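Peer 1: Just a sequence and a predicted model for now, questions to come.
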Amino acid sequence: MVLVLCIGHLHLPHRAADLPPKFKSLLGPGKVSHILCPGNLCTEMVSIGDFRIGVCHGHQVVPWGDREALAVLQRKLDCDILVTGHTHRFEAYRHEGRLVISTGSATGAYSAVTPHPTPSFALMDVDGGKATVYVYELVEGQVKVDKLEFAKPQEQGVGVGTRQL
Amino acid sequence: MVEPTYLPEEQKAWLKDASNAVKRHGFYLRKAIDDDNMKEALRYSAALLGELRTSLLSLSAAWFDGLPQIFFRDESGKGRSQADLYDLVQHAGNIVPRLYLLCTAGACYIRGGEAPAKLILRDVVEMCKGVQHPTRGLFLRAYLVQARAPWQAGGGVSCVGCCRIPGRSMKEKAKGGNVIDAIEFLLVNFTEMNKLWVRMQHQGSARDRERRERERQQLADLVGKNLTYLSQLDGLTFPLYKDIVLPRVLEQVVSCRDDIAQQYLMQCIIMVFPDEFHLGSLQSLLGAMPQLQPGVRVHIVLSLLMDRLANYASGDKEVVEEMNMVDAFGQLSVVALKVVEQHPDMPGADVAAMYSALLGFSGTVYPDKLDFVDRVLQTCHNALQRRGPITDGKAEKQVVALLSTPLDKYDAVTVLGLAHYPSVMELLQPRMKREMATKIVQTLLKSGTKVSTVGQDIAEDQQLLARLVHNMQALEGDADGQYDMLVATQAFILYEESIPDSRQEVRALQSIMGTLNRQVVAAWHSMVCYVFGGDERAALAHKASSYCAKLLKRTDQCQAVLACSHLYWQPQVEGKQAVQDEQGVLSCLKRALKIANAAQQQLAVAGKPARGADASAGPAAASSLFVEILNHYLYFFDQGCQLITTASLLELVANEMAADACKDNEALQVFYINTLAHIKQQKAKGGEASAKYDGLQLAAGEYEESHITKPPRKSLNMPFAVGQEDGAAFVAQMCGDGVQGSAEAAALLEAAGYSGVAQMEGGYVGYTQVWSPSGKRRPPAGRWVSTGKEALKSGLDLRDVAMAYEEGGNMKVARYAEGLPPGESL
């Protein structure tokens, strides 16, 4: 069992003053094995458990946050899970047998797409070919947690050029 | 008396000898006690104590703990007169053992209640004056107050030493011992011990000063014990403390004129006596401060006092009232000022530390009196200013601490508004100012204070300032649209202006273009979409696509154009007028295809990528572009763009994927397979979407999936159709060698009504000998064909070769083409 934290779009200090204190208290050290942060990096592939996970900031994918456009990227990267963002709007959905997680902004920093985002991040519990995604959102000062389960589809393309974490 | 210095090894050896002797004497002493032999016991007691004569061993005094006491207790229990014992021990030969025994016996004497405690104590204290050697004297007197602890604390009361005397005051009073006597005894002992302690300093050579000071620090507790016992006396009331104890102690402290003693004892006084005593006697206590030696770090003493008072006052309103009555703050600040004035050479760090303690005090006790803070800052500023600019690291830290103190205690914004806060900050070096500003901002962030206006002090650190900005209450306004337009304009200006600047270096150009391309084209795509009206949008979209063409690498160009295509096609969003310009999309996609073609040619010419180069740089990169374009076609196809048909493209891509260069590129193949899987899924969905897909030929893809070799081109553009007026309505390549099967098939087709059936001589085999799959004529077999390029490269000057050379190969004038009939070209 591996805990993977998907957090990004903090925009410190330019757009936000700090992480919400409630998030800070949640994110204690020593629990999380991997942190995936779709920062301003281009595109990176990693393998965690049986999953091929693609991390892409998301501004490269036009139109931003578009499901079909992201699907193109996912096909290109051949990843089971795509961690992206840029829209500062949390989304986690299955698309053609693959999972897409848009981390949203952990600080609730504004963006051109979403002027007043809800602060959010996701924690993935990867266990072999199964992933449970816990979504943490700060709604009206309260931390709200959602759960989403995702299993790796049986036949998928072979892994290419990934780094084994 | 000058004490010779001994080597550590020698000292160790003596210590060992002595400790052996002590053990031996201890053994005989015990034996004597067991045998009830009084004389022998005393003899061994004296011998044991005699080992302590040498001052070097005084520190091991603890060794003989208990033995004599046990002895005397036992003796007294056997009905012997305490007075006899008291006399008897005075026969011991050496003075130090004698006095130790005397102390012990005296204590027993008091305990037995046979004589007034007062008299015995005075007697013993007086006699102890006989030992004037500092270290020995100190230990002897420490023993005097300490030794009784085990046997006097009998009844389970945790009182120590003489404290028991007033504890039993009812009984004792009659016998002439009351609390005054106990205080007197302790004060005398304290005075004497302090004198001895101070004298230690002047013993021995100046060389050993440091070592002596260290030793003195170790012995400080012995002196301090007197004060501790004083504070623990049951009958010690505030009037007694104020009128007798404090004046006497302070007098001794001030008059001893010794740095270490004053420092320690002042701290000791503050630590051991209760808070309310300090508050009541604040004036006399503070009065002593300016009289201390210059070397005493008064600020530590003051800080300690202020911290205690602040603690005492916190949460207790009555105490605060009381402090107001005695004007504690006023007194403290006056003393601080006096100390600063009296010690002009006091380091800045100490000044700042003292004032920050004062600030802490006022912050806790008077949380609503900001003028106190300002007053402290003002006096501090005056004091520090006279000492010049603060450059010493320690002082800087202290000033920063000083400035931080009120930030925690008061509302930070109000503190910043104080008249003297900036002036103190001015004293800092710019570097430290910055650090201070950082601290201020951190405090603000921590407390989440909202700031309405920002003082210029803060403007030091832009990063933190940026964070702070979020806490400012900005004027709300409908600036979104203006903002977006501004961003777009700025993005373009940035783009245009930075390119010429960076032309000097190709690599820099590439990266800037790549980044800017992405940023610009992609970034303002979404913005442009909904914010701007039609004209603005069209203008920006046009501008963006023109930038695409200027990118250096064809692959970048292609991707940029693909991104651009989305500028003409906005996803449907509720409540927004979506622009969907099919023509614009299609022209972009076509341009992308064109660029991909060009890229492919370019890459083919460039040949294989250098070893270790990224696979995306090789020929596969161009093929990857095709797949990417295909995906974009599919995207718009899915979106319902009517002009898009993907059938021919699928075919093209299938062919590309079968090329040798692409077969080995796993990532590319996976991309392609995933794309095909997507098409399949769309088809399988059912409904409107899948109906659209029904027209799509997946044959090419299926070839690919099963890894069959490259399929033949199904192209109408066949050379033998040229010249025929009706053109070939149907062309079939019937069988491999074009003999029997072909003839039969042709006959069947003609019978079915096809007019333009042509039969290829030699069948497919014959065809491929002449024509390449792309429809170009193959060079005549068996002859080496030069494009002229290699000759140029080799430096040979063949006839007309140089003239014929053209980049990419000019097929018409190439040398091998000379043999062709006039008018016919490759």
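Peer 2: Looks like it arrived, so ask away.

Peer 1: What distance do you get for B:Asp208 to chain A?
Peer 2: 51 Å (C-beta to the nearest C-beta, to the nearest Å). To be clear about C-beta, it is placed using only N, CA and C from the backbone, and glycine gets the same treatment.

Peer 1: meant to ask about B:Val298, not that
Peer 2: B:Val298 is 41 Å from chain A, by C-beta to the nearest C-beta.

Peer 1: Look at that residue and say how many residues are nearby.
Peer 2: When counting by other C-beta atoms under 10 Å in any protein chain shown, one arrives at 26 neighbours for B:Val298.

Peer 1: Surely it and B:Lys338 touch.
Peer 2: No. Using C-beta atoms under 8 Å, B:Val298 makes no contact with B:Lys338, being 9.7 Å away.

Peer 1: Identify the residues contacting B:Gln217.
Peer 2: Neighbouring residues of B:Gln217 by C-beta atoms under 8 Å, 6 or more residues apart in numbering or on different chains: B:260, B:264.

Peer 1: On the three-state scheme, it is what?
Peer 2: On the three-state scheme (DSSP: H, G, I helix; E, B strand; the rest coil), B:Gln217 is labelled helix.

Peer 1: cool, and A:Val145?
Peer 2: strand.

Peer 1: I'd assumed A:Tyr134 was in contact with it.
Peer 2: Yes. The criterion here is C-beta under 8 Å, and A:Val145 meets it with A:Tyr134 at 5.8 Å.

Peer 1: For the two, work out which one has more neighbours and name it.
Peer 2: Counted by other C-beta under 10 Å, A:Val145 and A:Tyr134 do not tie: A:Tyr134 has more neighbours, with 15 against 10.

Peer 1: Report pLDDT for the closest residue to that one other than its chain neighbours.
Peer 2: Using C-beta to C-beta, 6 or more residues apart in numbering or on different chains and skipping residues adjacent in sequence, the residue nearest A:Tyr134 is A:Leu123, 4.5 Å away. Note on A:Leu123: pLDDT of 90.

Peer 1: quick one, what contacts A:Leu123?
Peer 2: Going by C-beta under 8 Å, 6+ apart, A:Leu123 touches A:3-6, A:32, A:133-134, A:136.

Peer 1: For it, name its beta-bridge partners.
Peer 2: A:Leu5, A:Tyr134 (DSSP bridges).

Peer 1: From A:Gly141, how far off is it?
Peer 2: Distance, A:Leu123 to A:Gly141, using C-beta to C-beta, to the nearest Å: 20 Å.

Peer 1: and what of B:Met127?
Peer 2: 76 Å.

Peer 1: next one: B:Arg207
Peer 2: 69 Å.

Peer 1: residue ranges for the strands of the chain, please.
Peer 2: Just so you know, I chose chain A. Listed in chain order, the strands of chain A (DSSP state E) span A:2-6, A:34-36, A:43-48, A:51-56, A:81-84, A:91-95, A:98-102, A:120-127, A:130-139, A:142-151, A:163-164.

Peer 1: hmm, I had chain B in mind actually
Peer 2: Going by DSSP E, chain B shows no strands.

Peer 1: Outline the domain layout of it.
Peer 2: Residue ranges for the domains of chain B, per automatic domain parsing: B:291-297+B:307-474, B:480-705, B:712-778, B:780-826.

Peer 1: mean pLDDT for those domains: which is lowest?
Peer 2: Across those, domain B:780-826 gives the lowest mean pLDDT, at a mean of 55.

Peer 1: hey, what's in contact with both of B:Val298 and B:Lys338?
Peer 2: B:Met289.

Peer 1: Any stretches of chain A with poor pLDDT?
Peer 2: A:13, A:40-42, A:112-113, A:154-165 (pLDDT under 70).

Peer 1: Identify, by residue count, the longest helix of it.
Peer 2: helix A:67-77 (DSSP state H).

Peer 1: Could I get the buried residue list for it?
Peer 2: Within helix A:67-77, the residues scored as buried using 16 or more other C-beta atoms under 10 Å in any protein chain shown are A:68-77.

Peer 1: swap in stretch B:208-223?
Peer 2: Within stretch B:208-223, the residues that count as buried by 16+ other C-beta under 10 Å are B:212, B:216, B:219-220, B:222-223.

Peer 1: which bits of the stretch 551-700 of chain B sit near chain A?
Peer 2: Contact residues, the stretch 551-700 of chain B versus chain A (C-beta under 8 Å from any C-beta of the partner chain): B:563, B:566, B:570-571, B:627-628, B:631-632, B:635, B:638-639, B:666-667, B:670-671, B:673-675, B:677-678, B:681.

Peer 1: List buried residues within the residues you listed.
Peer 2: B:563, B:566, B:570-571, B:627-628, B:631-632, B:635, B:638-639, B:666-667, B:670-671, B:673-675, B:677-678.
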